[in-house]
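Undergrad: Here is my input, please return the structure:
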Amino acid sequence: ISAGFSYFLSDNTELSADANHEKKKSDYVTWASVSDYVYDSAKVLLEHKDGSFSITAGAELFDGKRDSHATTWSIENKTTKDNAALFAALGLTDGDNSYKLGIRGERVKYNYSDATQSLKQDDSLFGAELGYNRVLNEQSSVFASFAHAYQAPDIDRFFNKDWAGVVSFNGSINPMKSDTLTIGYNLFTKLNKLKLSAYYAKLKDEIYYYNDPTWVASKNTNIDESHKWGVDIYDRWLITKSVSAVINYNFVKAKIDEEIENGENYSGSDLPSTPEHTIKATLEYTPTNTITVGLTQIYRSEAYALNDFSNSFTQKQEAYTSTDLSATYTHEKMEIFAKITNLFNQKNGLW
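TA: Residues are numbered from 1 along each chain as shown. Prediction:
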């Protein structure tokens, strides 16, 4: 259930609020394991835009509960996650220069309890972003940004299932923190839109699932130190008045710098299940002002299997391919949209 409202305090200032209530049930039939979830969240946002100046500020609240019922193999337990966050973002344009500054502070509390124990975890988190854009001429610009970000684990990350199917409390997991530097270039012409960017991210306590080959020590945990770098290329080309092409290419190299788990040293390994190359190409045909037909080809290169942290090559995740077809018809205030995903029924999976 969702509800919200927006109220314009003036022509340039808007106040909005949204609230959500969600109930879920997960039933793992094989192990007769049932969990009920209740998520409640709310967000208040104040936005002001006045020419070259803009400011956004707000607050977010989240209250999540997981109730895992008793089974033949495990006792009943309850887990809660409570978030409270304040954030603000400031934008300023001065001639050919644009600036952006954003900050976010958040308090996250976890609580786990069963018949034998009660455990708590409390984290104070801070994020910030600084961005700059410089217009070079009427057609091009350069930009750079630095972001310090975080990701708090969700409720399910605190649980694990052992070799016998017994669901147990996983233990505390640290929030992930990252520092990312991005630089890029934009080029706009009447027939072409090009965006190039390169990034480097340094991560601490990246969250992952350690899959022990013997099943005994499998658990959700953190990678001590890791990093990612890559490039992203986006180009949209208007071939004719009715035909256009879009291509998006991404290259990413994800490496584990420091991580030892269950006596295994994964330092220097590539992060499993992370394809280095991703390509999405779309050809659009607009025969009339109301009809658009699009053909999209997606490709992601092969990668190490999900649990292959030692990069042993025992099994590789095969390349992902999908051909999608879409069509849109618009008439005045009405739009009809249809899409076929994976048109040729190509087999894809996670290993």
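
Undergrad: Count residues in the vicinity of residue 10, would you?
TA: 8 (other Cβ atoms under 10 Å). (Each C-beta comes from the backbone N, C-alpha and C, glycine too.)

Undergrad: any idea how far it lies from residue 49?
TA: 11 Å (Cβ to Cβ, to the nearest Å).

Undergrad: Enumerate every residue touching the residue positioned nearest the centre of the chain.
TA: By Cα atoms, centre = their mean, the chain has its centre lying nearest to residue 151, at 9.8 Å. By Cβ atoms under 8 Å, 6 or more residues apart in numbering, the contact set of residue 151 is 175-176, 178, 207.

Undergrad: Let's see which of those end up in helices.
TA: Using DSSP state H, no member of the contacts of residue 151 falls in helices.

Undergrad: Which one of those is nearest to residue 72?
TA: Ranked by distance to residue 72 (Cβ to Cβ), the contacts of residue 151 are led by residue 207 at 30.0 Å.

Undergrad: now residue 156, what's its secondary structure?
TA: helix (DSSP: H, G, I helix; E, B strand; the rest coil).

Undergrad: which residue sits closest to it, ignoring its sequence neighbours?
TA: residue 66 (7.4 Å; Cβ to Cβ, 6 or more residues apart in numbering).

Undergrad: quick one: which helix or strand includes residue 82?
TA: Assigned by DSSP states H and E, residue 82 belongs to strand 77-94.

Undergrad: Tell me which residues are up against the helix or strand hosting residue 130.
TA: Per DSSP H and E, residue 130 falls inside strand 118-135. Strand 118-135 has contacts (Cβ under 8 Å, 6+ apart) with 89, 96-113, 141-150, 152, 169, 172, 174-175, 177.

Undergrad: how about it: buried residues?
TA: 121, 123, 125, 127, 129, 131, 133, 135 (16 or more other Cβ atoms under 10 Å).

Undergrad: what angle do the strand holding residue 82 and strand 118-135 make?
TA: 20 degrees (axes from the mean of the first three to the mean of the last three Cα atoms, to 10 degrees).

Undergrad: which other helices and strands contact strand 77-94?
TA: strand 53-68, strand 97-114 (3 or more Cβ pairs under 8 Å, 6 or more residues apart in numbering; DSSP states H and E).

Undergrad: quick one: contacts of the first one?
TA: It stands for strand 53-68. So strand 53-68 is contacted by 33-48, 74, 76-93, 154-156, 159, 167 (Cβ under 8 Å, 6+ apart).

Undergrad: How about the closest residue to residue 101 other than its chain neighbours: which residues does it bridge to?
TA: Leaving aside its chain neighbours, residue 101 sits nearest to residue 90 (4.8 Å; criterion: Cβ to Cβ, 6+ apart). Beta-bridge partners for residue 90, by DSSP bridges, are residue 55, residue 101.

Undergrad: So what's the residue count around residue 90?
TA: 14.

Undergrad: can you tell me how far it sits from residue 54?
TA: 7 Å.

Undergrad: same question, residue 74
TA: From residue 74 over to residue 54 (counting by Cβ to Cβ), the distance is 51 Å.

Undergrad: rewinding a little: may I have the strands that pair with the helix or strand that the strand holding residue 130 is followed by, each with its orientation?
TA: Downstream of strand 118-135, the next assigned helix or strand under DSSP H and E is strand 140-151. Here strand 140-151 is paired, per DSSP bridges, with strand 118-135 (antiparallel), strand 176-188 (antiparallel).

Undergrad: Give the bridge partners for the residue nearest to the centre of the chain, please.
TA: Using DSSP bridges, the bridge partners assigned to residue 151 are residue 176.

Undergrad: Return the residues in contact with the nearest residue to residue 94 once chain neighbours are set aside.
TA: Leaving aside its sequence neighbours, residue 94 sits nearest to residue 52 (Cβ to Cβ, 6+ apart; 6.8 Å). Residues in contact with residue 52, defined by Cβ under 8 Å, 6+ apart, are 92-94.

Undergrad: Which of the residues you listed lies at the shortest distance from residue 324?
TA: residue 93 (37.5 Å).

Undergrad: Retrieve the pLDDT associated with the residue nearest to residue 81 when sequence neighbours are not counted.
TA: Spatial nearest neighbour of residue 81, chain neighbours left out: residue 64 (4.3 Å); criterion: Cβ to Cβ, 6+ apart. At residue 64, the model reports a pLDDT of 94.

Undergrad: Who does residue 64 form a beta bridge with?
TA: In beta-bridge terms (that is, DSSP bridges), residue 64 pairs with residue 39, residue 81.

Undergrad: neighbours around it, how many?
TA: So residue 64, with other Cβ under 10 Å, has 18 neighbours.

Undergrad: Give me the distance between it and residue 6.
TA: From residue 64 to residue 6 the distance is 26 Å (Cβ to Cβ).

Undergrad: got it, and residue 290?
TA: The gap separating residue 290 from residue 6 is 30 Å, by Cβ to Cβ.

Undergrad: Residue 170 is in contact with residue 218, correct?
TA: No: Residue 218 sits out of contact with residue 170 when judged by Cβ atoms under 8 Å, with a separation of 9.6 Å.
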